[in-house]
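*Asks:* please find the sequence and the predicted model below.
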Amino acid sequence: MARPKRNPLTTSGEVVLWVLFFALLVPAGAVGWAIGHYTGHNTVTVTAGASTTTATPTTTTAAAPTTTAAASPVAQGKALFTANGCNSCHTFKPAGSTGTIGPDLDTKPEADAPKAHMPLAAFVLESIVKPNAYISPGYQKGLMPTTFGTSLTKAQLNALVAFITTK
């Protein structure tokens, strides 16, 4: 049985629709990928010993994280903990956070580090930069962002580890 001949206008219309579909799909996919991979750059300002007697609104713009020389690594780590959203997923009393998505940082690191055969500080650092290397029982793999190893400097990572391991 011979195949019926198609109307050239219908065929041309289908081709135009497919070309239009791909012409819109490719840029939308590229924009979606870029948004999904954007980590943002938070500015953290830590001040030590500052006291104010009047409330004066101030506006600050900065291109890089600013800290004072007097701020301890633990204080810097606390600021980083909050600035990077760790407090929204983890419970940690020193930060005043009560998140339940990720492990409780008041107890889990000390319990899980021996299971991973690692010293506490090394375990905490690995858990930040390679969060899927060891998954605490009762929690899901893939929930914690894997970008902290590249979005935070070595000094910031050390300050964050110092904050989490110093109780």
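*Replies:* Arrived safely, thanks for sending.

*Asks:* all helices of the chain, in order?
*Replies:* Using DSSP state H, the helices of the chain run over residues 8-37, 73-83, 86-89, 108-115, 120-129, 148-151, 154-165.

*Asks:* nearest to Ser136, of those helices?
*Replies:* helix 108-115 (5.2 Å; Cβ to Cβ). No exception for glycine: its C-beta is placed from N, CA and C like everyone else's.

*Asks:* can you list contacts of that closest one?
*Replies:* Helix 108-115 has contacts (Cβ atoms under 8 Å, 6 or more residues apart in numbering) with Pro103, Pro119, Leu120, Ala122, Phe123, Val124, Ser127, Tyr134, Ser136, Ile164, Thr165.

*Asks:* just send the residues you listed back as JSON lines, with neighbour count, distance to Ala2 and pLDDT too.
*Replies:* Below are those laid out as JSON lines (neighbours: other Cβ atoms under 10 Å; distance: Cβ to Cβ, whole Å; pLDDT from 0 to 100):
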{"residue": "Pro103", "neighbour count": "23", "distance to Ala2": "68", "pLDDT": "94"}
{"residue": "Pro119", "neighbour count": "12", "distance to Ala2": "78", "pLDDT": "95"}
{"residue": "Leu120", "neighbour count": "15", "distance to Ala2": "78", "pLDDT": "95"}
{"residue": "Ala122", "neighbour count": "12", "distance to Ala2": "74", "pLDDT": "96"}
{"residue": "Phe123", "neighbour count": "22", "distance to Ala2": "73", "pLDDT": "95"}
{"residue": "Val124", "neighbour count": "23", "distance to Ala2": "73", "pLDDT": "96"}
{"residue": "Ser127", "neighbour count": "27", "distance to Ala2": "68", "pLDDT": "96"}
{"residue": "Tyr134", "neighbour count": "16", "distance to Ala2": "66", "pLDDT": "94"}
{"residue": "Ser136", "neighbour count": "15", "distance to Ala2": "67", "pLDDT": "92"}
{"residue": "Ile164", "neighbour count": "26", "distance to Ala2": "75", "pLDDT": "95"}
{"residue": "Thr165", "neighbour count": "19", "distance to Ala2": "79", "pLDDT": "95"}
